[in-house]
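Participant: what follows is a protein structure lacking sequence information:
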Ligand SMILES: Nc1ncnc2c1ncn2[C@@H]1O[C@H](COP(=O)(O)OP(=O)(O)OP(=O)(O)O)[C@@H](O)[C@H]1O
Ligand SMILES: N[C@@H](CCO)C(=O)O
């Protein structure tokens, strides 16, 4: 087998867009990149699992991202895919250089991007050409169990994601603890084969997106781990709140696909009562920010929501991006929270790029 090099490019994503909790995802133009080289001129490797990781980007200085392939989320996910196909480690000698501008734990789908990129890394390293995008989605869903971020990062664009009913045996398989799916972090290889995903766990549908609409992401400097932001949600909801979200989710895909965009309709369609009100306990100023700016008071604005599990705020707009961002930054500043911001656009899904021979 000849030496190989390729790049995996995966977009960040914003989940929910207001009412679409665990359903709606939007891939956005900030990309996790894996630059991969497999050098087969070496017969053996002195690297653990035959893989050397280097990293640049978010969390680089704090050491938040492990360079051990048995610990790093991306390479553990790749190993899961490889081991489901009876390959215990990476090919000799694999180098993965990770370039990651996606801020960690901020609601821009850093973990979803890492999972999708890891699944593609496993596919490419294992030469598993038979794995279709739909099958790769099954592998993603064994790890990140809500489909919105991984669906957007894998397929790109503005997507609705959903799970179809599975047999009780398959449901049980999708609920196997993550510790039994992913190789143990830094642990010894027991030789056990991990559970293969059931077929057809998740599905997606692409919605149109009006070209005029851009996404302003206002990113606070503190992290909110998704697990913590899910733990504050109730297990039961008042019926009027569920009806409220159902009414808005009916509008959202049509409203964001219509050109020219209708600010009043989009603003209405982005309201939520199922997750944002509960998450304000973790994100000071959230309710005030979401409620205080409207298309009437802020020209160019279409709607404001929490991005994913937060703390990033996503403002959809057609113009005046600086002014909208600075207004939200000023509101966070009153809570002593420092932010930066980025202007993003809808992005294509994950690509594997090989240089022309
Ligand atoms: N490029 C990466 N390499 C390795 N691990 C990563 C990478 N990106 C994210 N992670 C892991 O995922 C964690 C963040 O995931 P978390 O689900 O809490 O937030 P998020 O995905 O950024 O936000 P959200 O799910 O709300 O969009 C990081 O702390 C890190 O452990
Ligand atoms: N739908 C998820 C997205 C974050 O990963 C949530 O809001 O918890």
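Facilitator: Great, that's in hand. Small disclaimer: the values here were computed from a predicted structure and weren't measured. Ligands and ions are numbered 1, 2, ... in the order given.

Participant: how about the helices in the stretch 101-250 of the chain?
Facilitator: In the stretch 101-250 of the chain, the helices defined using DSSP state H, counting those that start in this stretch lie at 110-125, 133-143, 147-155, 168-174, 178-181, 226-231, 239-257.

Participant: highest mean neighbour count out of these?
Facilitator: Among the helices of the stretch 101-250 of the chain, helix 147-155 has the highest mean neighbour count (mean count of other CB atoms under 10 Å), at a mean of 30. Just so you know, the C-beta spots here come from the backbone N, C-alpha and C atoms, and that holds for glycine as well.

Participant: which elements pack onto that one?
Facilitator: Judged by 3 or more CB pairs under 8 Å, 6 or more residues apart in numbering; DSSP states H and E, the packing partners of helix 147-155 are strand 4-15, strand 24-38, helix 110-125, helix 133-143, strand 158-163, strand 202-207.

Participant: which residues does the nearest residue to residue 313 once chain neighbours are set aside contact?
Facilitator: Nearest residue to residue 313, sequence neighbours excluded (CB to CB, 6 or more residues apart in numbering): residue 218, at 4.5 Å. Applying CB atoms under 8 Å, 6 or more residues apart in numbering, we find residue 218 in contact with 312, 313, 314, 315, 325, 328, 329, 332, 339, 341.

Participant: mind checking how far the third one is from residue 107?
Facilitator: Read it as residue 314. Per CB to CB, to the nearest Å, residue 314 is found 8 Å from residue 107.

Participant: for the last one, same thing?
Facilitator: From residue 341 over to residue 107 the distance is 13 Å, taken as CB to CB.

Participant: how about the helices and strands packed on helix 147-155 in TSV, adding mean pLDDT and distance to residue 252?
Facilitator: As requested, these are exported to TSV (pLDDT from 0 to 100; distance: least, CB to CB, whole Å):
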stretch	mean pLDDT	distance to residue 252
strand 4-15	97	13
strand 24-38	98	7
helix 110-125	98	20
helix 133-143	97	22
strand 158-163	97	9
strand 202-207	97	8
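
Participant: which one of these lies closest to ligand 1?
Facilitator: Ligand 1 sits nearest to helix 110-125 of all these, at 3.3 Å, using CB to the nearest ligand atom.

Participant: against which helices or strands is that closest one packed?
Facilitator: strand 4-15, strand 24-38, helix 73-84, strand 94-100, helix 133-143, helix 147-155.

Participant: report whether it contacts ligand 2.
Facilitator: No. Judged by CB under 6 Å from any ligand atom, helix 110-125 makes no contact with ligand 2; its nearest approach is 6.6 Å.

Participant: what parts of the stretch 51-200 of the chain come near ligand 1?
Facilitator: Residues of the stretch 51-200 of the chain lying near ligand 1 by CB under 6 Å from any ligand atom: 65, 72-74, 98, 100, 104-112, 114, 149.

Participant: which of those count as buried?
Facilitator: 65, 72-74, 98, 100, 104-112, 114, 149 (16 or more other CB atoms under 10 Å).

Participant: what residues are up against the nearest residue to residue 306 once chain neighbours are set aside?
Facilitator: Once flanking residues are discounted, residue 306 sits nearest to residue 276: 5.1 Å by CB to CB, 6+ apart. Contacts for residue 276 (CB under 8 Å, 6+ apart) come out as 18, 286, 287, 290, 305, 306.

Participant: let's have the helices of the stretch 101-250 of the chain in a markdown table, adding distance to residue 80.
Facilitator: Converted to a markdown table, the helices of the stretch 101-250 of the chain look like this (distance: least, CB to CB, whole Å):
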| stretch | distance to residue 80 |
| --- | --- |
| helix 110-125 | 7 |
| helix 133-143 | 7 |
| helix 147-155 | 14 |
| helix 168-174 | 14 |
| helix 178-181 | 6 |
| helix 226-231 | 19 |
| helix 239-257 | 32 |
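
Participant: residue 282 belongs to a helix, doesn't it?
Facilitator: No. Residue 282: not assigned to a helix; according to DSSP: H, G, I helix; E, B strand; the rest coil it is coil.

Participant: which of the contacts of residue 218 sits closest to ligand 1?
Facilitator: residue 312 (8.0 Å).

Participant: what sits against that closest one?
Facilitator: Applying CB under 8 Å, 6+ apart to residue 312 gives the contacts 14, 103, 106, 107, 108, 217, 218, 219, 220, 306.

Participant: repeat the analysis, applying 7 Å as the threshold.
Facilitator: Shown in contact with residue 312 (CB atoms under 7 Å, 6 or more residues apart in numbering): 106, 107, 108, 217, 218, 219, 220.
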